[in-house]
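Q: Here is the input, now give the coordinates:
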Amino acid sequence: MTPSKGESVKVAVRVRPFNQREKDRSAKLIIRMEGPSTYIQNPETPNEEPKMFAFDYSYWSHDGYEDVDGVLEARTQKYATQRNVFDNLGQGVLDNAFEGYNCSLFAYGQTGSGKSFSMVGYGKNRGIVPITCDELFQAIQRATGNTKYEVTFSMLEIYNEQVRDLLTKDNPRGGLQVRQNPKLGLFYVEKLKKVAVGSYNEIERRMEEGTANRTVASTQMNATSSRAHTVVTITFDQIQKNEAGQETKKSSSINLVDLAGSERADSTGATGDRLKEGANINKSLSALGNVISALADLSMGKKKVLVPYRDSVLTKLLMSALGGNSKTIMIAALSPADINYDETLSTLRYADRAKKIKNKAVVNENPIDKLIRELREENERLKQAASGNLPLQNTQPGMNSEELEEMRRKMQEEIREQLLANQQLMDDNQGWDQKLTESRKEVELLEKEHGSTKINMPHFVNLNEDPMLSGVIHHPVVKGKVTLIGRKDADPKPNIVLTGLSIQKQHASVTYDNDEIVIKPGSTGARTKVNGAPLTGERKLEHHDRVLLGSNHLYIFVNPHKPDLMEGTPEVVDWDFAQKEIAEQSGFATAQAGMSKDQQKAQEQVLELLPMISEINAVSEELNKYRHFELVLISGGYQEEKDKGTKVMVKVKNLLNGNLWMWERGKFMNRRYMIQELYQKYIDGDEGYKNIKQDDDPFYDPTEDVMVGSANVFLQSLSYALDFDDKLVITDYKGQEEGSLYVTVTPCTANGQSLDEDSFIEEPQELLGKPYYFKIQIRTCEINNSRFTKGTYVKYKTYADEAIVKTRVVKETLSPEFNHSRVVAIPSVTQDHLDYFDNGSVTFFVYACQEDTPPNPSVKKLTTKELREMDGQMTAPMLRRQTGLPRMTVSDSQMKSEIHTLQKKFDRLDKKEKRIQEICKQWQDKPRDEQEFEAFMRAISAVAFSSGNKLKSRVRLINHRDSDAFSVYSFELTEDMKFISEPFGETIQEEEENESGSLREADLDVTNQQVQSVTVTDSANRSSTSDRPRSSGKIEAKNGKHSPNGKNSPTANGKVRIKGGVYCSQAVSSNSIIGSTTIQNFLLHDILPSIKHSLSS
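A: Purely as a prediction, here's the structure:
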C-alpha cells in the first residue's frame, strides 16, 4: 500500500432555487456567494453584517439558468450546472479511484435543500452519481493495455439504525448485521448483496431496482424516506500482472452517500417531550456530527480525543471514509429562503467543521494469489483454534473459573468474527465473471417483470413525498379480468400484493370490462380513498385519479386509452396536490390566496401531519394501544400566550377513560419516530414490543390538566368607568360550548371599594395621567362535560400582569364557586392603556384536572378499532349537560361587551334628558313673575355638563333676582373622589388634601353676561373672591383660597372645576373633581337652542 500525504476533506456548498412553497410565502433570499465564500444574512437583523464561510467551492444554482428541453443550462457565468459540479467533485473521485484510492462523497443538508438533485439528479439533469458511473465505464472503454477492470455495485439504506439491502426484496427481520473485522478494525455489512456490472446501463437498472425496493419498504414500514441514509458503493478493481508475472489488484471503494435530512432537533419543537432522547431517528446524524467534531479536533492537534465511531451504524460503516484511508468530499445543500435560516446556518457550520478533517489515503494494491492464500491459511488456523482448547492469554492472577470462561467465550467470538470477515474478502476476490453472468440474468428478469405495461395499458403508479421515489412502482390492470388488491395471506392470492398499515386481506378489487374500469371495496372496513373521498361502493376510475389504499399506499391511476382529464385534475399530479385534496375532504381549507405567512405555515403543517396522523392511528389499532389521534387547529385567542398565530397541534385521547392530551407538533413528530421503532419490532416478530415499560411507551403520557375552553371579557366599559357584569360562554378550540363563567370587571378605589353611579366618564382621554383601579371577580362556573369533576380552575392575565394569575382548584362539582377577587392597579393611565381598554380583552382559560381512572371492564373487552368507531359515532348531547346559553364566538362576545357599554352610556344620557325635562316642567309650572331665565339656564347647563348621575340631589338653584350676582350651585366632596383629565384645560398635578371641609359653594358675579368674579366657600365658612379673569386665565379653588391664573394656590381638601361664561356653569360629580380649569366665554350652541325651542312651544 502506497500512502499519500494527509489532506483535508474537500467541502463544497450549493444553493438551489426557491421552491413553490417558498414562492407562495414570498420568501426572501438570505444567501450570497462570492467565489468560494458564502454569506448568510439573518432575516431578523437585516442591518447586521452577514456571516461569512469559506469553502473549497461555493456553487450558485439559485438563478441565472434556463430550461432547454428539460435540461437546466446556464444563462450567466455565475450559475453552476450539474456538469460544473461533477467536473470539480466527481471527476476528482474518478481520478482517485483509478489511482487506487478509496473515495467518499457525502451530500448533507435539510430535507428539500437539494441533496438528491446534486447526487442523483432529476430527469435529464443527471447528478454526480450517474455521471460518475457513466464516466467510469467510458474511461474503461478508452483504456488500452492488459489491465482487466472489474466493477461491483451495492446499495443499502440505513433507517432507524437498521441496514436494509436495496438490491433484494427480502431483508431479514431487524436488518442486516454490521460486523467488525478484528484484524483490520473496519466494519462491514454481513451478507450485503454485491452485483457485478459491466456497463453504465446495468448500474442504472440496478439503481432503479434499489429505488423501487426502497419505495416499497418505506411504504410497508411507514418509514419517512427523508429520514433514511442511502449508501451506494462501487468497488472498482484493476487487475494486471507485475514484473514478476504475478496478478496484482489495485482496488478502490467509491462510497456515494445521500444523508438523511438534517433538521435540527429543536426546530420541530420536540425539546419539551419527556422521551425526546428515546428515538433513534436522529441518532446517526448526531453521531456523525460528533465524529466530525472529534476528527477536526485531532486534525487541529488536540490529544487524547476519542472518536465515537461505534455510536451509530452510519459512523461504523463510514469509519474509513471519515477518518482513515479515503479521499473524502462533502457537498452541503443550502436552502436560499429566510424561512429556513436556522437550518441553513446549522448546515454551514456543519460543513465548516468538516473541512478541518485531514485523512491519509493509501493506494490499495495487493497480489491476488498471495492475498487469497494468506486468507485461507489464516482461516484454517482459526478453525483449529476454535475447535480445540483455546490457550488463554493475558490472564490475571486470582481469576476465578467464571472469569476465565468469559474470557474464553470472547476469544471464540473474535475468531468467528475474523472467519466471517476473511470469507467475505475471499468471496469478493473470486469469480467476478461468473457474478457478472448471474447479474445480467437477474437484469433480464427485472426487464420482463417491468416491461411495457406502464405505457400501453391502464395501471397504478405510486406517489411518494420524495420525488425520487415517485413513479417507480407500477401495477397493471388487465382487460377482461378482476384485479384483486390485498395482503399476501389472502385466499385467493391478490394480483397486487400490498403490506403495511390498514391493508386488509381482501382490500379492494378493480374490474376492467366494456372499456370501463371500476374499483370497489374488497371487505367491510377496508380503507380506500379516491380523490380524497372515502370509497363506500363501486366507483369508476378516470385518468389521473388519486387512490389511497390503507394508510400509506398512494397511487395515481393512469389510463393511456382514455387520457382525457376530469375537471380540476392537473396535467401533473404530485404528492402535495394529493395531500391537499385529502385535507380538503377532511374539512381543512388549502387555498393560500390572501393568507398571512403564519396561516401559510399552519397550512403546510396540516398537509404534513394529516398522513402521519392517519398512519399512527393505524399503528394504534394494530398494536391495540387504545389511543386516538386527531389534528386540531388552535387559534391565537385560545392560547395563553397572546399575539400568537394559529397553532397546529395533535389531540390524543385515551379511548378507555376519555383522558385528553394536547401534543405540540414537534412532540408528535418525535413520538411518531418512536412509534415506528415499536412497530418495526412488531413486524419483525420481536415480542419485546409487548413488554415495553409504561414510561418508555411512546403512546403513554402521565395525566395532565386539560383546557376545557376559554371566555373573553372585552374592556370598553373601563374607558367610561362602567361596570361589566355577565355570564360568559366557555367555548373550546372548535367554538363548541363547554359551559359558562360568571365574571365581573368593576372600576374601584385602591382598596377595592366599588365606585358609585357618579363615576361615569364621557371622554376616556380624561383618564390620562391618573391612577386607575379595577377589580376582577370570578364568581361561579358551569361545566357541561360530566368528566370534569376531578377539579376545575381558571387562569388569566391582564395587560398590567407580568405572570399568569390562577384561581384555586375546586373539586367534585360541575358548578364550582371560585369567589376569586383581585384589584388591578394602573399607577398612571397612558394611551396604551386606553387602547387596551378600547380594543383588548381579558381571556379566562378554564382548566380541568384529569386522573388515570380504571376503565369500565366491558370497555376493556373491545379493541382499539371498535372503540374508535364508537367514539366517532357518539354525539355531543350524550356527553354534555344541556344548557340554555347560546353559542358565542369571540367576535360575538366582543359585540356583546360593546352593546353592554353603549347601554350604560344610553342609560346615563337618558337620565340627563329626564332631569332636563323635569327642570323645564318645574320652570314652566312657576308663575310667570318667578320664571328667572338666567337661573333656569344655569340649572340646565349644570345637568347637561354633569359627569355624574345623581343630578337632582347634587344641584341646588339659588336665585337673586335683584342682582346680577348668582350663587350657581353647591355640591359635596366625598372620600372616594377620583382625579381625571379635564377636557378643556391642562392636566393638573395632584396635591395633598386637607382633612377639613367637605362642602363647597361657588358664587359667580355676572354682569352683562360676563363673569366678573368668583367666590368660593368651604365647609369652614372660609371664602375667597377673585377679580374678573382674563379669558385665558385660570381660577383655582383650593382650601378656601382662590387666585387667578393658578398662582399661589394652597392645597385643599377638594378641588373644584368651574366653567364660567354666558349662561354657563358646570355641575361636578363627586368622583370627577379636577383642580384647575380655564374660564372660557362660550355659548351653549347645542343645548340652548333646543331648550329655547321647548320653552317657546
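Q: ranges for the strands of the stretch 451-600 of the chain?
A: Using DSSP state E, counting those that start in this stretch, the strands of the stretch 451-600 of the chain run over residues 459-462, 474-476, 482-486, 496-497, 506-513, 516-521, 528-530, 533-534, 539-540, 545-549, 553-558.
Q: Buried residues of the longest one, list them for me.
A: Burial within strand 506-513, assessed by neighbour count using 16 or more other CB atoms under 10 Å, is assigned to Gln506, His507, Ala508, Ser509, Val510, Thr511, Tyr512. (C-beta placed from N, C-alpha, C; glycine too.)
Q: Switch the strands of the stretch 451-600 of the chain over to a markdown table; also include mean pLDDT and distance to Leu317.
A: Shown next, in a markdown table, are the strands of the stretch 451-600 of the chain (pLDDT from 0 to 100; distance: least, CB to CB, whole Å):
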| stretch | mean pLDDT | distance to Leu317 |
| --- | --- | --- |
| strand 459-462 | 92 | 29 |
| strand 474-476 | 89 | 32 |
| strand 482-486 | 93 | 37 |
| strand 496-497 | 90 | 32 |
| strand 506-513 | 93 | 37 |
| strand 516-521 | 93 | 43 |
| strand 528-530 | 93 | 39 |
| strand 533-534 | 91 | 44 |
| strand 539-540 | 94 | 47 |
| strand 545-549 | 94 | 35 |
| strand 553-558 | 93 | 31 |
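Q: Okay, now the unreliable bits of the stretch 551-700 of the chain?
A: Counting by pLDDT under 70, the stretch 551-700 of the chain contains low-confidence ranges at 592-594, 642-644.
Q: And Lys481, how far from Tyr512?
A: Note on Lys481: its distance to Tyr512, by CB to CB, to the nearest Å, is 7 Å.
Q: Take the strands of the stretch 451-600 of the chain and lay them out in JSON lines including distance to Glu135.
A: What follows is the strands of the stretch 451-600 of the chain, written out as JSON lines (distance: least, CB to CB, whole Å):
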{"stretch": "strand 459-462", "distance to Glu135": "31"}
{"stretch": "strand 474-476", "distance to Glu135": "30"}
{"stretch": "strand 482-486", "distance to Glu135": "43"}
{"stretch": "strand 496-497", "distance to Glu135": "39"}
{"stretch": "strand 506-513", "distance to Glu135": "44"}
{"stretch": "strand 516-521", "distance to Glu135": "45"}
{"stretch": "strand 528-530", "distance to Glu135": "45"}
{"stretch": "strand 533-534", "distance to Glu135": "49"}
{"stretch": "strand 539-540", "distance to Glu135": "49"}
{"stretch": "strand 545-549", "distance to Glu135": "39"}
{"stretch": "strand 553-558", "distance to Glu135": "34"}
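Q: so which of the ones you listed gets nearest Thr789?
A: strand 533-534 (37.1 Å; CB to CB).
Q: ok, and what's touching that closest one?
A: By CB atoms under 8 Å, 6 or more residues apart in numbering, the surrounding residues in contact with strand 533-534 are Arg527, Thr528, Gln585.
Q: Just the buried residues of those.
A: Arg527, Thr528.
Q: Dump the contacts of strand 533-534 into a markdown table; add distance to Pro43 as well.
A: Formatted as a markdown table, the contacts of strand 533-534 follow (distance: CB to CB, whole Å):
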| residue | distance to Pro43 |
| --- | --- |
| Arg527 | 42 |
| Thr528 | 44 |
| Gln585 | 36 |
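Q: Arg205 and Ala212: what is the separation?
A: 11 Å.
Q: Same question for Asn839.
A: From Asn839 over to Ala212 the distance is 59 Å, taken as CB to CB.
Q: Of the two, which one has the most company?
A: Just comparing Asn839 and Ala212: by other CB atoms under 10 Å the higher neighbour count belongs to Ala212, 19 against 11.
Q: and the more buried one, what is it in contact with?
A: By CB under 8 Å, 6+ apart, the neighbours of Ala212 are Val472, Ile473.
Q: Check the offset of whichever strand or helix holds it from the chain's centre.
A: Using DSSP states H and E, the element containing Ala212 is helix 200-220. The chain centroid and the centroid of helix 200-220 are separated by 33 Å, computed with CA atoms, centre = their mean, to the nearest Å.
Q: can you pull the buried residues of it?
A: Those buried within helix 200-220 under the rule 16+ other CB under 10 Å are 200, 202-203, 205-207, 209-220.
Q: Quick one: mean pLDDT for it?
A: The average of the pLDDT scores along helix 200-220 is 83.
Q: quick check: angle from that helix to strand 553-558?
A: 120 degrees (axes from the mean of the first three to the mean of the last three CA atoms, to 10 degrees).
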